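Peer 1: Need a 3D model of the sequence below.
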Amino acid sequence: MTHPILKTAAALLLGVSILAAPVSAQQNDGDPGAYLAGRLALSEHSYRDAAYWFSRALIEDEENSFLLEGLILAHIGQGDLPMAAEAAERLVKLGGRSIAGNIALLVRDVQKEDYVTLLAAPQERAIGNLMDKLVLAWAEFGAGKMSDAVARFDEIAATDGLKPFGLYHKALALAAVGDFGAADEILSGQAAGPLIVNRRGVIAHAKILSQLERPADALALLEKSFGNEPEPELMALRRDLEAGKPVPFDMVTSARDGMAEVLFSLAVALNGEAEPSYTLLYAASAAALQPKHTEAVLLVAGLLEQLGQAELASEAYARISQEDPSFYTAELGRISTLFAMEKKEEGLAALKTLSEAFPELSLVQMSYGDALRRDDQFAPAAEAYSKAIALVGTPEPRHWGLFYARGVAFERAGDWEKAEADFRKALELNPDQPQVLNYLGYSFIDKGQNLDEAFALIEKAVALQPDQGYIIDSLAWGYFRLGRYEDALAPMEKASLLEPVDPIVTDHLGDVYWAVGRQMEARFQWRRALSFDPEEKDAERIRRKLEIGLDAVLAEEGAPPLGAAPNGN
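Peer 2: Residues are numbered from 1 along each chain as shown. Below is the predicted model of the structure:
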């Protein structure tokens with residue numbers, strides 16, 4: 001829901017680089033080992049380790065501003081804003097400046113509701129142009145100066161490029177004091193033209209309309225923005241609106257909530273534009289100010305996942321309570337971190353529990369199917385996909401992936417008739433999907449069926465994605481199965497270049513080399529294929545080919561010899 005122009009504008013108008021740049025390194029004479037360990041940990045976003053090592057280094061060199069800034073970043077990264085503020089205070093006393101430190105001090109002052117300090121903060125406490133202006137506006141609100149707050153929001157809205165931010169936060173402030181009519185005029189575009197907001201802004205507007213006793217307009221807004229998406233929070237909101245229940249406006253009720261919304265707004269604007277570690281500064285601070293800000297907590301967890309911090313991400317996801325409408329989203333995220341930490345059995349068990357707790361959510365059933373399929377549990381995976389498909393109702397083009405995934409599960413479970421039906425349904429929904437075209441075409445070739453159609457499907461896939469090695473492999477393998485070994489050679493070598501460590505492609509290349517008489521090169525490729533950890537049944541066959549050659553293996557299997565005409569169409 002966030003307009004790309006707003007994302008770029010936010011990054012530029014922060015008044016700082018969107019990439020987190022550390023202060024100049026200082027010599028650490030106390031504990032160089034701890035200093036280097038801290039720097040390494042921070043560069044790898046291992047925030048807990050970084051906090052430990054920087055704290056240890058500071059014991060011997062307590063006035064080192066580089067160590068203090070590293071410690072601030074580490075504490076914010078792991079969500080410990082009080083400790084970050086303590087380190088920031090020490091940095092300020094040394095005359096140092098740090099955007100991360102200023103964010104930590106902002107969070108501390110807002111938690112103390114010390115808006116007088118915020119309004120009188122020196123230039124050294126600046127964070128960025130847009131951020132500073134919004135902070136001052138909400139500080140006026142917190143100090144009980146609503147007129148001054150509105151004036152500051154209007155000043156922001158009058159600044160080139162900042163209009164959406166100024167208007168949105170003004171609307172939230174007005175709604176917070178009960179002026180729902182004025183808030184609606186802004187969010188509906190009546191006051192100053194159309195206003196593009198994110199998902200949270202749409203929900204805020206719907207709640208405002210409810211307070212104005214306009215439930216039909218709120219429902220129409222949700223329908224326009226989200227369709228009939230069966231998402232628990234939206235479903236609950238729709239139910240209350242349809243029942244005529246007044247929905248409370250609880251998104252922003254205080255200056256503290258407003259400050260959290262400022263930090264979250266900028267985190268959303270920066271997400272995907274800046275480095276995840278930089279965006280995390282704003283998201284983690286928003287979550288610290290308002291622990292029940294579900295979207296901020298989910299963003300923090302997602303950023304930590306991107307940074308490879310599965311344990312911290314898991315802890316963040318676990319902060320979402322089971323009563324929260326977004327619990328299932330958080331639980332899916334937490335489960336993904338379990339797989340990342342190689343806790344497969346725990347992850348599968350959690351997914352099973354989640355699928356039973358949310359039988360009405362197709363996303364949950366599909367996620368369970370995906371996990372089962374990755375674990376080679378193909379029949380149960382197909383069952384989970386079937387539940388997801390049943391929840392879809394009338395399939396739309398966007399649902400092609402569900403049928404494709406179930407088709408793969410059926411095919412791997414040995415039920416080709418159902419698999420083919422699903423692949424064809426996926427192509428009916430999305431005729432130009434290269435994955436489906438390739439999988440169906442390759443399957444036909446592998447079975448020696450419908451070879452003309454198979455080549456047409458694969459050639460279309462190649463035309464759509466000419467640089468995908470696994471698709472080029474399918475085309476080459478089709479030539480191989482037809483006995484057109486010379487024709488297979490060039491595309492198979494290209495596929496190998498595009499997929500240099502794929503065991504299947506490498507194995508196929510070895511077969512093609514063998515078929516054209518290049519037996520030494522064939523054995524070399526088969527040995528390479530074994531080094532790429534193929535499935536055991538494939539590895540066993542490759543080892544047998546190395547032992548007795550491809551011709552003898554085909555004879556053992558009762559397969560047609562090389563050069564035999566295929567039984568195609």
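Peer 1: what's the following helix or strand after the helix or strand hosting Leu73?
Peer 2: Using DSSP states H and E, Leu73 maps to helix 65-77. Note on helix 65-77: by DSSP H and E, the next helix or strand toward the C-terminus is helix 81-93.
Peer 1: Pull out the buried residues from that next one.
Peer 2: Neighbour-count burial for helix 81-93, counted by 16 or more other Cβ atoms under 10 Å, picks out Leu81, Met83, Ala84, Ala85, Glu86, Ala87, Ala88, Arg90, Leu91, Val92. (Glycine included, C-beta is placed from N, CA and C.)
Peer 1: if we can go back for a sec, ok and the helix holding Leu73 relative to helix 81-93, angle-wise?
Peer 2: If you take axes from the mean of the first three to the mean of the last three Cα atoms, to 10 degrees, helix 65-77 sits at 160 degrees to helix 81-93.
Peer 1: quick one: contacts of stretch 347-364?
Peer 2: 230, 232, 328, 331-332, 334-336, 338-339, 365, 367-368, 371-372, 375, 384, 387-389, 391-392, 402 (Cβ atoms under 8 Å, 6 or more residues apart in numbering).
Peer 1: Now, of the residues you listed, which are buried?
Peer 2: Counted by 16+ other Cβ under 10 Å, the contacts of stretch 347-364 give 232, 328, 331-332, 334-336, 338-339, 365, 367-368, 371-372, 384, 387-389, 391, 402 as buried.
Peer 1: thought Phe444 was touching Asn450?
Peer 2: Yes - Phe444 lies in contact with Asn450 (Cβ atoms under 8 Å); the separation is 4.6 Å.
Peer 1: sorry, back to before: just the buried residues of helix 81-93 now: which is nearest Leu172?
Peer 2: Within the buried residues of helix 81-93, distances to Leu172 taken as Cβ to Cβ reach their minimum at Leu81, with 22.4 Å.
Peer 1: show me the contacts for that closest one.
Peer 2: The contact partners of Leu81, by Cβ under 8 Å, 6+ apart, come to His75, Ala104, Val107, Arg108, Ala284, Ser285, Ala288.
Peer 1: And the residue nearest the centre of this structure?
Peer 2: Gly302 (6.0 Å; Cα atoms, centre = their mean).
Peer 1: Tell me, what's the model's pLDDT at that one?
Peer 2: Looking at Gly302, its pLDDT is 97.
Peer 1: Excluding chain neighbours, what is closest to it?
Peer 2: Among residues not flanking Gly302 along the chain, Gly333 sits closest, at 6.8 Å (Cβ to Cβ, 6 or more residues apart in numbering).
Peer 1: Just the closest of the buried residues of helix 81-93 to Leu457, please.
Peer 2: Leu81 (55.2 Å).
Peer 1: Which helix or which strand is home to the spatially closest residue to the closest one that is not a sequence neighbour?
Peer 2: In space, Leu81 comes closest to Ala288 once its chain neighbours are excluded; the distance is 4.1 Å by Cβ to Cβ, 6+ apart. Element membership for Ala288, per DSSP H and E: helix 276-289.
Peer 1: So the residue nearest to Gly302 versus Gly178, what's the distance?
Peer 2: Applying Cβ to Cβ, to the nearest Å, the value for Gly333 to Gly178 is 36 Å.
Peer 1: got it, and Arg527?
Peer 2: 75 Å.
Peer 1: what do you get for Asp160?
Peer 2: Remark: distance between Asp160 and Gly178 (Cβ to Cβ) = 32 Å.
Peer 1: So these two - more neighbours on which side?
Peer 2: Ranked by neighbour count (other Cβ atoms under 10 Å), Asp160 and Gly178 place Gly178 first, with 11 against 7.
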